[in-house]
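Novice: sequence and computational prediction follow.
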Amino acid sequence: MHASDSGLAVSWRSLVKYTSKNILACLGLVFSQWLGATITLVDNTDSEIVLAQPAQRIVSLAPHITELVFDIGAGDRLVGVVSHSDFPPAALDLPQVGSYKKVSYEIIAALKPDLILAFGSGNGWEMINHLRALGFTVYVDEPKTITDIATTVKNFGVLTGTETIAASKAQQFLKQAKALTEKYKDMNKVDVFYQVWDDPLFTINDTHLISDVIRLCGGRNIFSDALPLVPKISVEMVVRRNPEVIIASGMGEERPEWLDDWRQWESVNAVKNEQLYFIHPDLLQRHTLRILSGAEKMCAFVDQARAMD
């Protein structure tokens, strides 16, 4: 080999070595960024949530949150849930940290979550602030509209690294919601009383998610102006506002007997026209993708009341 050939070979080896080294360095940088990319987003209460990587150990503090995490394919990241987290059935096998109103901070700490998903109006700020004071990252979910549910689904996808399936679920959900909106948007308005419970008598105001479902169906919540979010009311107030349809969910799977207690108030239009209906609470009172199944039922009932005009 000539000297010049030898020098050329050395140069090529150096170039290959240099190039390979830089390619590997770039790949390493990209890989490390992929592994350790910071995730930053804002929750429903405008609080900034920061994660070093997609959450691997999640504690859910509401049954609807548990369901949504499973919906986006991240159920295997859940390490703890609250009582009544019973859908899907796989959720029943998860450790419980208490109820949505009272949790064991010791159990939560032992589970070492890198993310806690909380329900603002359900868990309450005392619990949420205490968890944050203990150093936990807490995302607060507080959907007030059907669109908010889609946003929650997409945000959960970002937090768990399951963006693709989450975005697909959210898109399909919004498509179904839009179809229902278009179907009922020009219909005559119907006065609706939604009953949460009988003793004490509770309903929902206009800022509650269920009110958004009522609007979607072309209904008017007769207690839209009441306070707070889930106000306590009286029978006399319901009679005075004279709903055209009464829809109740209660707490169980069967139609509550107390729904028929309204039959004694024969002056109420809903009673006169036999417009007393039950919808399973999981389909309306849990803020999940299944709420559109509840919306379809509600819209059908509102439509029947509309036909009485």
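Specialist: Ah, there it is.
Novice: other residues contacting stretch 239-249?
Specialist: 190-196, 219, 222-223, 255-256, 258-259, 262, 265, 267-271, 273, 275-281, 283-285, 298, 301-302, 304-306, 308 (CB atoms under 8 Å, 6 or more residues apart in numbering). Heads up, the C-betas are built off the backbone N, CA and C, glycines and all.
Novice: list the ones among these that fall in helices.
Specialist: Of those, the ones assigned to helices by DSSP state H are 269-271, 298, 301-302, 304-306.
Novice: so who does the closest residue to A166 other than its chain neighbours touch?
Specialist: Sequence neighbours aside, G157 is the residue nearest to A166 in space, at 2.4 Å (criterion: CB to CB, 6 or more residues apart in numbering). Residues near G157 by CB under 8 Å, 6+ apart: 72, 163-167, 170.
Novice: quick one on the thing from earlier: taking the ones in helices among the contacts of stretch 239-249, tell me the two that lie furthest apart.
Specialist: Maximum pairwise distance among the ones in helices among the contacts of stretch 239-249 (CB to CB): 18.6 Å, between V271 and M298.
Novice: of those two, who's got more company?
Specialist: Regarding V271 and M298, a neighbour count based on other CB atoms under 10 Å identifies M298 as having more, with 26 against 19.
Novice: list the contacts of the more buried one.
Specialist: Contacts here follow CB under 8 Å, 6+ apart; on that basis M298 touches 213-214, 217, 219, 247, 279, 284.
Novice: ok, it to G250 distance?
Specialist: Relative to G250, M298 is positioned 15 Å away (criterion: CB to CB, to the nearest Å).
Novice: cool, G219 as well?
Specialist: In this structure, G219 and G250 are 19 Å apart, going by CB to CB.
Novice: and those two? Which one has more around it.
Specialist: Under the neighbour definition other CB under 10 Å, G219 and G250 were set side by side, and G219 has more, 29 against 20.
Novice: what's opposite that one in the beta bridge?
Specialist: V190 (DSSP bridges).
Novice: tell me the contacts of it?
Specialist: Counting by CB under 8 Å, 6+ apart, G219 makes contact with 189-192, 245, 298, 302.
Novice: what about P89, neighbour count?
Specialist: A count of nearby residues for P89, using other CB under 10 Å, gives 8.
Novice: my guess is N123 meets G98, correct?
Specialist: No. With contact defined as CB atoms under 8 Å, N123 does not reach G98; the gap is 10.3 Å.
Novice: more neighbours, those two?
Specialist: When neighbours are counted by other CB under 10 Å, N123 comes out ahead of the other of N123 and G98, with 24 against 17.
Novice: quick one, grab the pLDDT at that one.
Specialist: Reported pLDDT at N123 in the predicted model: 96.
Novice: residues in contact with it?
Specialist: By CB under 8 Å, 6+ apart, N123 lies in contact with 61-62, 100-101.
Novice: which one of the residues you listed is nearest to A109?
Specialist: Checking those against A109 with CB to CB, the nearest one is L61 at 14.3 Å.
Novice: ok, for that closest one, nearest residue in space, not its chain neighbours?
Specialist: Counting by CB to CB, 6+ apart, the nearest residue to L61 once its immediate chain neighbours are dropped is A118, at 4.6 Å.
Novice: next one: P113
Specialist: If you skip the residues right next to it in sequence, P113 has V59 as its closest partner in space, 4.3 Å away by CB to CB, 6+ apart.
Novice: and the one you found, helix, strand or coil?
Specialist: strand (DSSP: H, G, I helix; E, B strand; the rest coil).
Novice: with adjacent residues omitted, what lies nearest to V103?
Specialist: With CB to CB, 6+ apart as the criterion, V103 has its nearest non-adjacent residue at 4.9 Å, and that residue is V97.
Novice: how about that neighbour, phi and psi?
Specialist: The phi/psi pair for V97 (degrees, to the nearest 10) reads phi -110, psi 10.
Novice: that older thread, which of the contacts of N123 count as buried?
Specialist: Under a neighbour-count criterion of 16 or more other CB atoms under 10 Å, the subset of those counted as buried comprises 61-62, 100.
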